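Show me how the following folds:
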Amino acid sequence: MLVFLVALALAFDFLNGFHDAANSIATIVSTRVMRPQWAVLWAAFFNFVAFLFFGLLVAATVGKGIIDPAIVDRYVVFGALVGAISWNIITWYFGIPSSSSHALIGGLAGAAVAKGGADTLIAGGFLKTMAAIVLSPALGLVLGAALMILVSWICADSTPRRVDRWFRRLQFVSASFYSLGHGGNDAQKTMGIIWMLLIAADVTGAKDPLPFWVVMACQSAMGLGTMFGGWRIVKTMGQKITKLKPVGGFCAETGGAITLFLATWLGVPVSTTHTITGAIVGVGSVNKLSAVRWGVAGNIVWAWVLTIPCSAFIAAVAWFLGQQYL
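Next up, the predicted model:
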């Protein structure tokens, strides 16, 4: 059963990379700086090597700071993963860039509450994650807009062709940083789940460090998922919210990357989807508000609002079925 649940967790990690590939490559693909096939390989590489640059604070938050570790068993983990995976598949099918991270948090909360009630939630960690739902896209929006204004001021005397040429090159750097931030924050969430499992099964102690094989397995699954890419969501992120040029793609990716780096260093599990969407909206709104397709952005926000309760409900049902049949 432990092996099955670890495999299920890695399947979620793969799906997370698949679902969130759009976050890493949508801007660089939509600006035609890189072809999709090369973009996913580029993003997958930086997703994989992210563990070399970040600690494991996000993994610790997910593994020990969202729900009471004492109530964790195979049924709780099974319910959480089924809830998160189901919601990812639903939103991928409809091309909606929802948050894999918050689907996982919602799954954990739903399964834990189904087993032991609301007291099983750790208020500090759960509220910190909920606050990030609002703060991460807001910070991404502010940084994306600020960078766009700064670049416009710096390049005021340059010709459009020269600006385009330079930022087509710089987008390789900004896309790398964003993919690095995505791999650093998102893969750690699955590490936290597996860490939780190993502690519950007495394979490792609560104060022992996370086994290195878990780190490598999660980074590999995330990278492989990114290589396959969720193309339905790429179109929504890169084309439907606002039309991007290389300079806008650079500012959106850089603003999103700064947000992810900050959150990962603070140990906060944020949504890469929320972050890059906020940054894209910020970049688009600098020129004029009508450049942003607010109807599309509104539909995305509704998906964000529904993610935690829907994944929690599915997880609670999966927990009940797991109790009956596993």
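
can you give me the helices for the protein?
Counting by DSSP state H, the chain has helices at residues 2-30, 36-48, 57-64, 74-93, 100-116, 123-154, 160-200, 212-228, 231-235, 246-266, 272-287, 294-325.

pLDDT of stretch 153-163, averaged?
Confidence over stretch 153-163, taken as the mean pLDDT, stands at 85.

can you tell me which of the helices of the chain the model trusts least?
The bottom spot among these, by mean pLDDT, belongs to helix 231-235, with a mean of 52.

circling back to that earlier point, for Ala206, find the nearest of the helices of the chain.
Of all the helices of the chain, it is helix 160-200 that lies closest to Ala206, at 5.4 Å by CB to CB. Every residue, glycine included, has its C-beta placed from N, CA and C.

what's that closest one packed up against?
Judged by 3 or more CB pairs under 8 Å, 6 or more residues apart in numbering; DSSP states H and E, the packing partners of helix 160-200 are helix 2-30, helix 36-48, helix 57-64, helix 74-93, helix 100-116, helix 212-228, helix 246-266, helix 272-287.

okay, these in CSV with distance to Phe177 next?
Formatted as CSV, those follow (distance: least, CB to CB, whole Å):
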stretch, distance to Phe177
helix 2-30, 10
helix 36-48, 8
helix 57-64, 17
helix 74-93, 25
helix 100-116, 19
helix 212-228, 15
helix 246-266, 4
helix 272-287, 12
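
For those helices, give me CSV that also has mean neighbour count.
Formatted as CSV, these follow (neighbours: other CB atoms under 10 Å):
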stretch, mean neighbour count
helix 2-30, 24
helix 36-48, 21
helix 57-64, 22
helix 74-93, 23
helix 100-116, 27
helix 212-228, 21
helix 246-266, 26
helix 272-287, 28
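
Tell me which of those helices sits nearest to Met191.
Across the helices and strands packed on helix 160-200 (criterion: CB to CB), the nearest stretch is helix 57-64, sitting at 4.0 Å.

how close does the residue most central in space within the chain sit to Ala156?
The residue lying closest to the centre of the chain (CA atoms, centre = their mean) is Thr272, at 3.6 Å. Distance of Thr272 to Ala156, computed by CB to CB, to the nearest Å: 32 Å.

Dump stretch 175-192 to PDB, keeping only the CA atoms.
Only the C-alpha atoms of stretch 175-192 are listed here, as PDB (Å, rounded to 0.1, in the frame of the first residue of the first chain):
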ATOM      1  CA  ALA A 175      11.800  31.700 -18.900                       C
ATOM      2  CA  SER A 176      14.600  29.800 -17.300                       C
ATOM      3  CA  PHE A 177      14.200  31.700 -14.000                       C
ATOM      4  CA  TYR A 178      10.400  31.100 -14.000                       C
ATOM      5  CA  SER A 179      10.800  27.400 -14.700                       C
ATOM      6  CA  LEU A 180      13.300  27.200 -11.900                       C
ATOM      7  CA  GLY A 181      10.900  28.900  -9.500                       C
ATOM      8  CA  HIS A 182       8.100  26.500 -10.700                       C
ATOM      9  CA  GLY A 183      10.200  23.400 -10.100                       C
ATOM     10  CA  GLY A 184      11.400  24.700  -6.700                       C
ATOM     11  CA  ASN A 185       7.900  25.400  -5.300                       C
ATOM     12  CA  ASP A 186       5.700  22.800  -6.900                       C
ATOM     13  CA  ALA A 187       7.800  19.700  -6.800                       C
ATOM     14  CA  GLN A 188       8.300  20.300  -3.000                       C
ATOM     15  CA  LYS A 189       4.600  19.800  -2.400                       C
ATOM     16  CA  THR A 190       4.700  16.200  -3.600                       C
ATOM     17  CA  MET A 191       7.900  15.800  -1.500                       C
ATOM     18  CA  GLY A 192       5.800  16.900   1.500                       C
END
